[in-house]
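no sequence on this one, just coordinates:
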């Protein structure tokens, strides 16, 4: 009888441990999903919504929803040979309390030789669980704040 109790306890412990791993796997990763030179192709706006040409300052960071709000594209301007690349995303204020994220950038060596051109480079992140597309999202990147409108 003692053996069956031990087996049940071991089974319950294994099930609890498996549940923790499964729940952790459901959270989107904080690391960049992809990055590439250029600006993202943003989905077509809904009827009645449109992005105004020239909404952003030339060379300023930009952000936009992708994949129906499942991803966030952050575009940063910099050298074509030493692009500014996002490394990770962190929720600073969850939905309902500010809806704000911060983007950490890949650190580049101070003595790296880079061209003096100015081109866009885009990093795509999975949208964190604690933010929403139904409120404006504030993205902190490169000492700037970019507001992504409601999806």
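In hand now; what should we look at? All figures in this text were calculated on a predicted structure; none of them were measured in a lab.

low-confidence stretches in this protein?
Low-confidence segments of the chain, defined by pLDDT under 70, are located at 1-26, 43-56.

rerun at 50
Filtered on pLDDT under 50, the chain yields the residue ranges 20-24, 44-54.

show me where it has strands.
Ranges of strands within the chain are 34-37, 62-66, 71-78, 86-93, 100-105, 119-126, 137-141, 144-148, based on DSSP state E.

what's the second one in contact with?
The set of residues external to strand 62-66 that reach it, using CB atoms under 8 Å, 6 or more residues apart in numbering, is 39-40, 42-43, 56, 71-75, 120, 124, 127, 133, 137, 139, 141, 146, 148, 151. C-beta coordinates here come from the backbone N, C-alpha and C atoms, glycine included.

contacting residues around the most centrally placed residue in the chain?
The residue lying closest to the centre of the chain (CA atoms, centre = their mean) is residue 125, at 3.1 Å. Contact partners of residue 125, counting by CB under 8 Å, 6+ apart, are 30, 32-33, 71-72, 74, 86, 88-89, 103.

burial of the closest residue to it other than its chain neighbours, as a residue count?
The shortest distance from residue 125 to any non-neighbouring residue, by CB to CB, 6 or more residues apart in numbering, is to residue 89 (4.4 Å). For residue 89, the neighbour count with other CB atoms under 10 Å is 26.
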